[in-house]
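>>> sequence first, predicted model second:
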Amino acid sequence: MSAAVTAALAPVSAGGRAPGRLALLRLLPGRPLLLRAASLAASLAAWHLAASGKVDLGMVSFRNVPTPADAARAALALIQSPTLWPHLGASLARVLSGFLAALAAGIGLGVAIGRFRLARDLLLPPLEVLRPIPAVAWIPLAILMFPSSELSMAFITFTGALFPILLNTVHGVETVNPRLVASARSLGAGRAAILREVILPGATPSIVTGAAIGMGTAWFCLVTAEMISGQYGIGYFTWESYTLQNYDDIVVGMLLIGLLGMGSSLLVRRVGALLTPWAAPGGAR
Amino acid sequence: MSRSVGSSGGRVAVEGGAIRLGRGSAAFDVVEDIDLDIAPEQFVCLLGPSGCGKSTLLGAVAGHLSLQRGRVSLDGRDIAGPHPDRGIVFQQHTLFPWRSVLDNVAFGPKMKGVGKGERLAAARDFLDQVGLADFADHYPAELSGGMQQRVEIARALINRPRVLLMDEPFGALDAQTRLTMQELLLKVWSRNRTTILFVTHDIDEALFLADRIVVMTPRPGRILDDLAIDFARPRRRDLIADPRFTTLKRHCLTLLHAEPSGIPLPRLTPIGVPGPHGAA
C-alpha cells in the first residue's frame, strides 16, 4: 500500500507542494467511505461512553440513557416479539392513508390554484390562513372533530403532508414555460390536453419534491399524534416505553421512526425518479 | 417518398395591422400600419432590428397575440387563435422535455386523434426527412441545439400546415450549424410546400432563404421595403459570391441603418413581452 501511496503522491510533490497529513489521507482510495464509517463509529463510541459512565453534566444527564448495546438487545427482543407488527402496521396504515389523501388533495388543489385565476381567488385566502398553523396544533381539535381516533390521526398526518405538496404543485404549475403551452396550442392541443400533456408533466418534478417533503412531515405529525391519542403505532410504542420505564425501548422506537421516515422518503424519491425519467442526470431512460 | 403536395391555400393577409403590448401605463405600440399580402407557398423573410416587432407580428399570425387594429387572415378567414394550420417554430427550448423525440413529433397527430401506429409511422417519416431517424428514442435534452430545431421543424410540418411561422429558428445556433440548417430547411420545404414566414435579423440568412424580404423599421415597426429575391432554386452556398447578392445585401444594410434605432431594444417574442408571465 505504501508503494501505491508514494506513486500517487509523485505528481503532488512534483507540483512543488509538500504533502501534509491531510493530503495523504486525501489520496487513500475510498476515503469518503472510510471517513463516514469512522464518524459513525465515533458517534456510537461517544454514546456508549456517556451512557455507560452515567455522565451527569448538570444541565443534561445520561443517567437514564441506555447504552448502544442495551438498545441493540431491546431491538432484537422487539423484532422477535409479536407486538412489533401491530405497531408497525398501524403507523404505516395511518401514514399511507394520510399521505395519499394529501397527495390527491394537494395536486388537485395545486393545479387548480396554479392554473385558474378563479380557483386561486376562491381557494387561496383560507389556505393561506391555515398554512402557518402547525399540523400538531390541530391535535386537540382533531380529537374533538373525529369520532374515531384513527381518523383523527390520519387527519393530522394529512394536514402535515398537504401544504408542502400543495405549495410545490402550485409552484410547479406556475413555472411551466408559457412557450411550451403556446407550442402545444399551435399543435392543436385544447384546454384538457394542455393540462394533461403540458402542465402536469411540467409540474411533476416539483410535485415529487413536495411529496418527499410531505412524507417527512407526515411521519413527524403522525408520531406526535400517536403519542397523544394512539393505541398502537411507533409513536405510541415510544411514549409507552417511557411511561412503563422501558428506557431501552425508547431508543429503539426513535431509531425505528428514523428508519421508517428515511425509507419512505427514499421510496417517494425513487417513485418520483421513475415518473420523471427525462429529468435524470444525463437523461438516462 | 413521393413529393407531398402542400395543403391547398396558404395566403396570409395583414391589413392595417397594429399591435400594442403591455398593460396600463407600460403599454406600447409594437407594430403599426402593417399591410402584407403573402401568396401561397411563398417564402417570406421578415427582416429588421432587434425589438422591431417582427416576432410580435409573427405571433399575431400564429394567433397567440391579437391585433389592436386591422385584421389578419389566412385564406380569407380571420385568425382567432392558434391552430395547427399555422405551425410555429420558436428560437429554442419548446420541445416537450418529458416526451421522446418521436413522441414530440407525433404530438400534433395525437391531438387530432390519429391512432398510435399511424402517427408514430408519420413521425418516423418526418424525423427521417430532417435526418434524425436514429434519435427517435432520445429525450430533447440529449440533443444538440441544431438537432432540437430539426425536431421542431418536423413537429410543425407533420401537421401539414398551410403556413410555417419561424421565429429566428436558427438564431441561437453557431454559424456553421446555422448554414447547415438553412440548407436543410430549403430541402425539407421543397418536399413539404407551404407558405413560410421567417423572422430574422441576419441579412445573409434572409437573402439565402427567401423569395421575398420584408424589411421593417425599429419600433414601432412599420414596413420599410419589400424586396423580391429571385435567385434560382435550389440555391447553393456559393450564391454569396453572386454580384446581385452583394448588391442586395448592401441595400438591406443601408435600410437597416437608415433610421437611428437609439439604444438596442430587448427582443420580443411571439407570445408577448418576455418575462415569467409574458404572454399577453
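Everything's here; your move.
>>> buried ones in the helix ranked longest in chain A?
As assigned by DSSP state H, the longest helix anywhere in chain A is helix A:84-115. For helix A:84-115, the buried set under the neighbour-count rule, 16 or more other Cβ atoms under 10 Å in any protein chain shown, comprises A:84, A:87-88, A:90-91, A:94-95, A:97-99, A:101-103, A:106-107, A:109-115. C-beta coordinates here come from the backbone N, C-alpha and C atoms, glycine included.
>>> now that helix: mean pLDDT?
Across helix A:84-115, pLDDT averages out at 95.
>>> same for that helix, what does it pack against?
For helix A:84-115, the packing partners by 3 or more Cβ pairs under 8 Å, 6 or more residues apart in numbering or on different chains; DSSP states H and E come out as helix A:117-130, helix A:149-174, helix A:200-229, helix A:234-243, helix A:247-275.
>>> who's the most centrally placed residue in chain B bridged to?
For chain B, the residue whose C-alpha lies nearest the mean C-alpha position (Cα atoms, centre = their mean) is residue B:166; its distance is 1.2 Å. On the basis of DSSP bridges, residue B:166 takes part in beta bridges with residue B:89, residue B:198.
>>> where in chain B is pLDDT low?
B:1-8, B:258-264, B:274-280 (pLDDT under 70).
>>> check which residues of the strand or helix carrying residue A:139 are buried.
Here residue A:139 sits within helix A:139-145, counting by DSSP states H and E. Buried residues in helix A:139-145, counted by 16+ other Cβ under 10 Å: A:139, A:142, A:143.
>>> could I have that helix exported to CSV, CA atoms only?
As requested, C-alpha coordinates have been extracted for helix A:139-145 and formatted as CSV (Å, rounded to 0.1, in the frame of the first residue of the first chain):
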residue,chain,number,x,y,z
ILE,A,139,-54.4,17.6,17.5
PRO,A,140,-56.9,18.8,20.2
LEU,A,141,-59.5,19.9,17.6
ALA,A,142,-59.0,16.8,15.5
ILE,A,143,-59.7,14.6,18.6
LEU,A,144,-62.9,16.6,19.1
MET,A,145,-63.9,16.6,15.4
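>>> could you verify my assumption that residue B:70 touches residue B:36?
No: the pair formed by residue B:70 and residue B:36 falls short of the contact definition of Cβ atoms under 8 Å, at 10.3 Å.
>>> what do the two both touch?
Both residue B:70 and residue B:36 are in contact with B:14, B:17, where contact means Cβ atoms under 8 Å, 6 or more residues apart in numbering or on different chains.
>>> pLDDT below threshold where in chain A?
Across chain A (using pLDDT under 70), the flagged ranges come out as A:1-30, A:281-285.
>>> distance check, the residue nearest to the centre of chain B against residue B:182.
Distance, residue B:166 to residue B:182, by Cβ to Cβ, to the nearest Å: 11 Å.
>>> overlap in contacts, those two.
Overlap of the contact sets of residue B:166 and residue B:182 (by Cβ under 8 Å, 6+ apart) is empty.
>>> which non-adjacent residue is nearest the residue nearest the centre of chain A?
Compute the mean C-alpha point of chain A, and by Cα atoms, centre = their mean the closest residue is residue A:216, 3.1 Å away. Distances taken as Cβ to Cβ, 6 or more residues apart in numbering or on different chains place residue A:265 nearest to residue A:216, at 5.7 Å, with adjacent residues excluded.
>>> run a quick neighbour tally on the one you found.
Using other Cβ atoms under 10 Å in any protein chain shown as the criterion, residue A:265 is surrounded by 18 other residues.
>>> what are the buried residues along stretch B:186-203?
B:186, B:188-189, B:192-203.
>>> can you redo the buried residues of helix A:139-145 as a markdown table with distance to residue A:240?
Formatted as a markdown table, the buried residues of helix A:139-145 follow (distance: Cβ to Cβ, whole Å):
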| residue | distance to residue A:240 |
| --- | --- |
| A:139 | 18 |
| A:142 | 21 |
| A:143 | 18 |
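>>> out of the residues you listed, who's nearest residue B:45?
Ranked by distance to residue B:45 (Cβ to Cβ), those are led by residue A:142 at 66.4 Å.
>>> how much space between that closest one and chain B?
Residue A:142 sits 38 Å away from chain B, taking Cβ to the nearest Cβ, to the nearest Å as the criterion.
>>> wait, that residue touches residue A:155, no?
Yes: the criterion here is Cβ under 8 Å, and residue A:142 meets it with residue A:155 at 5.1 Å.
>>> chain center to the host helix or strand of residue B:34: distance?
Residue B:34 belongs to strand B:28-38 when elements are defined using DSSP H and E. The chain centroid and the centroid of strand B:28-38 are separated by 17 Å, computed with Cα atoms, centre = their mean, to the nearest Å.
>>> check which helices and strands that strand sits against.
Counting contacts by 3+ Cβ pairs under 8 Å, 6+ apart, the secondary-structure elements packed against strand B:28-38 are strand B:12-21, helix B:54-62, strand B:212-216, strand B:223-228.
>>> just the residues of the stretch 1-150 of chain B that are near chain A, which are they?
Neighbours of chain A within the stretch 1-150 of chain B, by Cβ under 8 Å from any Cβ of the partner chain: B:62-64, B:81-84, B:86-88, B:90, B:93-94, B:96-99, B:107-108, B:111-112, B:137-139, B:141-142.
>>> now, which of the residues you listed lie within helices?
B:62, B:107, B:108, B:111, B:112.
>>> list the buried residues for the helix or strand encompassing residue A:181?
With elements taken from DSSP H and E, the one containing residue A:181 is helix A:178-186. Judged by neighbour count using 16+ other Cβ under 10 Å, the buried positions of helix A:178-186 are A:178, A:179, A:180, A:181, A:182, A:183, A:184, A:185, A:186.
>>> and stretch A:239-255, by the same measure?
Neighbour counts over stretch A:239-255 (16+ other Cβ under 10 Å) mark A:239, A:240, A:241, A:248, A:249, A:250, A:251, A:252, A:253 as buried.
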